[in-house]
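Visitor: Need coordinates for the below:
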Amino acid sequence: MKEGQKIRKGDRLYELDTSKTTRSGVVSDNEFNEITSQLHGIDEIIRNLEKGRDETLQSIKDQRNKYKEAYDISSSIVRTAEQGLQKMENNMRNYEQYRKNGLINNDQLTNQMSLYYQQENSVLSIKNQNIQNALQIKNLEREVQIQTSEYDSRIYQMKLQRNELKKELIKSGLNSSIIIRSPSDGIIDTLNVSQGQIVNAGDTLSQIIPERDRKLYLILWIPDMAVPYIKKGDHVRIRYDAFAYEKFGQFNGIIHSISKSPSSQQEMLSYHLLDNIKLFSGHAYYRVMVTPENDRIYYNKEEIHLENGMRAELTLFLENRKIYQWMISPLYDVVKSAQGNIHEK
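Guide: Residues are numbered from 1 along each chain as shown. Coordinates of the predicted model:
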């Protein structure tokens, strides 16, 4: 940012360093580095957990796929074996009929029955293997869900820790610096501080002039003894330091506002207008804003605009008296004091 530059509302003007320094270094920097290191560690843990989850789930899924292939094969074998067993059972029944008819002897029937029961045991064994394959598939599918839930829970907990650390990081940043932003659109008129300069509460850092439709106000402070005699809308006379009174004369203005409470010494000093500190003693001062009737002056057929930062003297009309009353002002004040409050009509 530089003087004369156009800015928009919300643009950054200054960044104030509010950090504290100890023997071990800047507190906010140390805290920032520590939190950042923890964040990097948590990010690494999350990446490892995600990698471990993917590898574990993939391994379980590969096993499940192999068991599915084995299940499909064993199911096909079971169907074929059951068909063969059915045929052998039919043959055995035929052999029993043959034996009754005397076509075969007992040894031949016994041999056929033995073959049938051997085949039946083989089919039962294949069925059991097929059932085991089906159970293993279900167990692996359940293991996928369990491992997914466990890994996701651990990752979620680590992400919660990461979010908490990010909040601490934000707080650390808040404790280390303050961003001053422009309150409105306009043009930078003055930049009152430079890099590395120490500032205090109430210091004026910059002055911004509205870019369009600007209204100029004269800001002055009047002592408490004059406040009862003025009000909003009263006319005043203005003498600008930049335009000599003897040459340009006086200018009209209207009181725009009067503060309800006295101004602080810090506020008055921030305008760099009061050089005599004795003005602060004995009286309270109130801030008054005056609107000039014209924001430009004409001289030699040229138009001269009033600018921010100009100084001026104002004449306030506090009280109306007849001339003889001003001549005998001390006696007049004594009479008024003796009469008391007469402002009743």
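
Visitor: Buried residues in stretch 226-243, which are they?
Guide: By 16 or more other CB atoms under 10 Å, the buried positions in stretch 226-243 come out as 227, 230, 234, 236, 238-240, 243. For every residue, glycine as well, the C-beta is placed using N, CA and C.

Visitor: Strands - which of the residues you listed land there?
Guide: If you go by DSSP state E, these have 236, 238-240 in strands.

Visitor: With pLDDT as extra columns, can I get these in CSV?
Guide: What follows is those, written out as CSV (pLDDT from 0 to 100):
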residue, pLDDT
236, 89
238, 89
239, 88
240, 87
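
Visitor: hmm, which two among these are most spread apart?
Guide: The distance between the two most remote of those (CB to CB) is 12.9 Å, for 236 and 240.

Visitor: Out of the ones in strands among the buried residues of stretch 226-243, which comes closest to residue 53?
Guide: After measuring these against residue 53 - CB to CB - the closest member comes out as residue 240, at 76.5 Å.

Visitor: Thought residue 250 was touching that closest one, still the case?
Guide: No: taking CB atoms under 8 Å as the definition, residue 240 is not a contact partner of residue 250, at 9.3 Å.

Visitor: For the stretch 201-345 of the chain, which segments count as strands?
Guide: For the stretch 201-345 of the chain, the strands defined by DSSP state E, counting those that start in this stretch cover 206-209, 218-223, 235-240, 251-258, 285-292, 296-299, 302-305, 312-316.

Visitor: Looking at those, which one is packed in the most?
Guide: strand 285-292 (a mean of 19; mean count of other CB atoms under 10 Å).

Visitor: And that one, how far out from the chain middle?
Guide: 38 Å (CA atoms, centre = their mean, to the nearest Å).

Visitor: helices and strands around it, which ones?
Guide: strand 218-223, strand 235-240, strand 251-258 (3 or more CB pairs under 8 Å, 6 or more residues apart in numbering; DSSP states H and E).

Visitor: a markdown table for these, including distance to residue 135?
Guide: Below are those laid out as a markdown table (distance: least, CB to CB, whole Å):
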| stretch | distance to residue 135 |
| --- | --- |
| strand 218-223 | 89 |
| strand 235-240 | 99 |
| strand 251-258 | 87 |
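
Visitor: Mean pLDDT lowest where, among the ones you listed?
Guide: Here the helices and strands packed on strand 285-292 differ in mean pLDDT, and the lowest is strand 218-223 at a mean of 85.

Visitor: what angle do that one and strand 235-240 make?
Guide: 110 degrees (axes from the mean of the first three to the mean of the last three CA atoms, to 10 degrees).

Visitor: hmm, who's touching strand 218-223?
Guide: Outside strand 218-223, the residues that touch it by CB atoms under 8 Å, 6 or more residues apart in numbering are 230, 238, 253, 263, 268, 271, 274, 283-292, 312, 314, 316.

Visitor: mean confidence score for the helix or strand where residue 127 lies?
Guide: In this structure, residue 127 sits in helix 106-176 according to DSSP states H and E. Across helix 106-176, pLDDT averages out at 84.

Visitor: just stretch 79-90 next, same as before
Guide: Mean predicted confidence for stretch 79-90 is 81.

Visitor: which of the residues in it are buried?
Guide: Going by 16+ other CB under 10 Å, stretch 79-90 has these buried residues: 81, 85, 88.

Visitor: want to throw those into CSV with distance to residue 68 and secondary structure?
Guide: Below are the buried residues of stretch 79-90 laid out as CSV (distance: CB to CB, whole Å; DSSP: H, G, I helix; E, B strand; the rest coil):
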residue, distance to residue 68, secondary structure
81, 20, helix
85, 25, helix
88, 30, helix
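
Visitor: Kindly present those as JSON lines, with separate columns for distance to residue 11.
Guide: What follows is the buried residues of stretch 79-90, written out as JSON lines (distance: CB to CB, whole Å):
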{"residue": "81", "distance to residue 11": "83"}
{"residue": "85", "distance to residue 11": "88"}
{"residue": "88", "distance to residue 11": "93"}
